[in-house]
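Asks: Quick one, structure for this:
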Amino acid sequence: MSKSEVIAGAYLTKGTIGNVGTPGAPIAHFSLVVVPASKSVSGVVQITQAIEGPESNIVVKNVVGQIRATGFGKVTKVVSLEGEYIVSVPPPAIGTYLSKFSAHLAIDNQWNGKGGFSYGNNDVEDVPVTSNN
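Replies: Here you go, the predicted model:
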């Protein structure tokens with residue numbers, strides 16, 4: 001346990017959800033603060049995809065969620081995340097609206113495992129969760 005974990009009772013974790021290395025695959029990059037005592041998670045998620053258009057780079061700020069211990073097997077934690085992001089309507093229309101983001105992770109203590117995420121009309125399921133810690 002690092003000194004910051006002991007003092008604050010929280011830790012930072014970073015990683016990806018998705019098939020990294022697969023051309024055109026959407027990847028969710030997360031940076032989250034985890035507070036185990038309150039079973040809470042909060043942070044930012046950036047969704048990138050090698051395509052043209054507004055869905056090639058989405059930033060979801062103020063992501064919140066919960067983390068729970070499973071108590072069995074390789075999957076030691078389950079995490080749920082949700083948030084909203086702003087979508088600008090392409091010309092000739094004018095305006096913006098909020099779209100929803102959600103994710104679910106089944107991970108080990110190092111934040112590696114499987115999961116999925118949804119954003120707009122897109123669902124990405126059964127993909128790797130990989131820690132960058």
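
Asks: and A37, backbone torsions?
Replies: For A37, the backbone dihedrals (degrees, to the nearest 10) come out as phi -60, psi -30.

Asks: Same question for P91.
Replies: Torsion angles, degrees, to the nearest 10, at P91: phi -60, psi 150.

Asks: again with the one 4 residues further on
Replies: Backbone geometry at G95, expressed as degrees, to the nearest 10, gives phi 140, psi 180.

Asks: Quick one: residues contacting the closest residue to it other than its chain neighbours.
Replies: Counting by CB to CB, 6 or more residues apart in numbering, G95 lies nearest to V89, which is 4.8 Å off, once chain neighbours are set aside. Placement of C-beta: from N, CA and C, glycine included. Neighbour list for V89: G95, T96, Y97 [criterion: CB atoms under 8 Å, 6 or more residues apart in numbering].

Asks: Going along the chain, name the strands of this structure.
Replies: 11-17, 27-35, 40-48, 57-69, 77-88, 96-107, 113-119, 122-131 (DSSP state E).

Asks: out of the contacts of V89, which are buried?
Replies: The neighbour-count criterion (16 or more other CB atoms under 10 Å) marks none of the contacts of V89 as buried.

Asks: Identify, from those, the entry nearest to H104.
Replies: Nearest to H104, judged by CB to CB, of these is Y97 at 24.2 Å.

Asks: how much space is there between the closest one and V89?
Replies: Taking CB to CB, to the nearest Å as the measure, Y97 falls 7 Å from V89.

Asks: now the protein, which segments are flagged as low pLDDT?
Replies: 1-8, 53-54 (pLDDT under 70).

Asks: Try it again at 50.
Replies: By pLDDT under 50, the low-scoring segments of the chain are 1-7.

Asks: Could I get the contacting residues of the spatially most central residue of the chain?
Replies: Centroid-nearest residue in the chain: F30, 4.6 Å away (criterion: CA atoms, centre = their mean). F30 sits next to T13, K14, G15, T16, I17, G43, V44, V45, V63, L81, A103 when contact means CB under 8 Å, 6+ apart.
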